[in-house]
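1. next comes the sequence, and after it the predicted model I'd like to discuss.
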Amino acid sequence: MEFPGAVPNIKDYQVSMDGDILRGQFLTQIAGKDVYLTVAGHLGSKDGYATFEATEVKLGDLNVPVSLLNDALQKKLTEQRDQLKLPDNVKDVKVDNGELVFVPK
């Protein structure tokens, strides 16, 4: 899902972890209306950088196919790659049993 020419204004957000899933719920405005965007998926790492693979996307109560958002999400993550660099002593990052886990090298 692209927001042509604009970066969505995030008014509020909540992040939670359940099992091995990281879920973020973001309050934004689309077409002048406040709407919740929920994105859930797996946190991981590749080549020393944190990664996120979406498994669920919802706009309000409407389920959105992950394939509609994934390309834009991966592009945005690539643009923010420097901010996703893991510390030198961390091999992997993941959510396990509802907790954020850093795996040391």
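-> Right, received. Where do you want to start? Numbering: from 1, shown residues only.
2. and after the worst-scoring helix or strand of the chain on mean pLDDT, which helix or strand comes next?
-> None of the helices or strands of the chain scores lower by mean pLDDT, DSSP states H and E than helix 66-79, at a mean of 90. Downstream of helix 66-79, the next assigned helix or strand under DSSP states H and E is strand 90-96.
3. convert the C-alpha atoms of the next helix or strand after that next one to CSV, please.
-> Next in sequence after strand 90-96, counting helices and strands by DSSP H and E, comes strand 99-104. Provided in CSV are the C-alpha atoms of strand 99-104 (Å, rounded to 0.1, in the frame of the first residue of the first chain):
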residue,chain,number,x,y,z
GLU,A,99,9.7,-11.9,24.4
LEU,A,100,12.2,-10.0,22.3
VAL,A,101,15.4,-12.2,22.1
PHE,A,102,18.9,-11.1,21.1
VAL,A,103,21.1,-14.0,20.1
PRO,A,104,24.8,-13.2,20.9
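4. which strands and helices lie in contact with strand 99-104?
-> Applying 3 or more Cβ pairs under 8 Å, 6 or more residues apart in numbering; DSSP states H and E, one finds that strand 99-104 makes contact with strand 90-96. (C-beta placed from N, C-alpha, C; glycine too.)
5. the strand it packs on pairs with which strands?
-> Next to strand 90-96 in the sheet, as set by DSSP bridges, lie strand 99-104 (antiparallel).
6. show residues contacting the partner strand.
-> Contacts to strand 99-104, defined as Cβ atoms under 8 Å, 6 or more residues apart in numbering, come from residues 17, 43, 89-95.
7. output the longest strand belonging to this protein.
-> Looking across the chain with DSSP state E, the single longest strand is strand 33-46.
8. low-confidence stretches in this protein?
-> Counting by pLDDT under 70, the chain contains low-confidence ranges at 1-8.
9. in the contacts of strand 99-104, find the pair that's most separated.
-> Spanning the widest gap among the contacts of strand 99-104 are Met17 and Asn89, at 22.2 Å by Cβ to Cβ.
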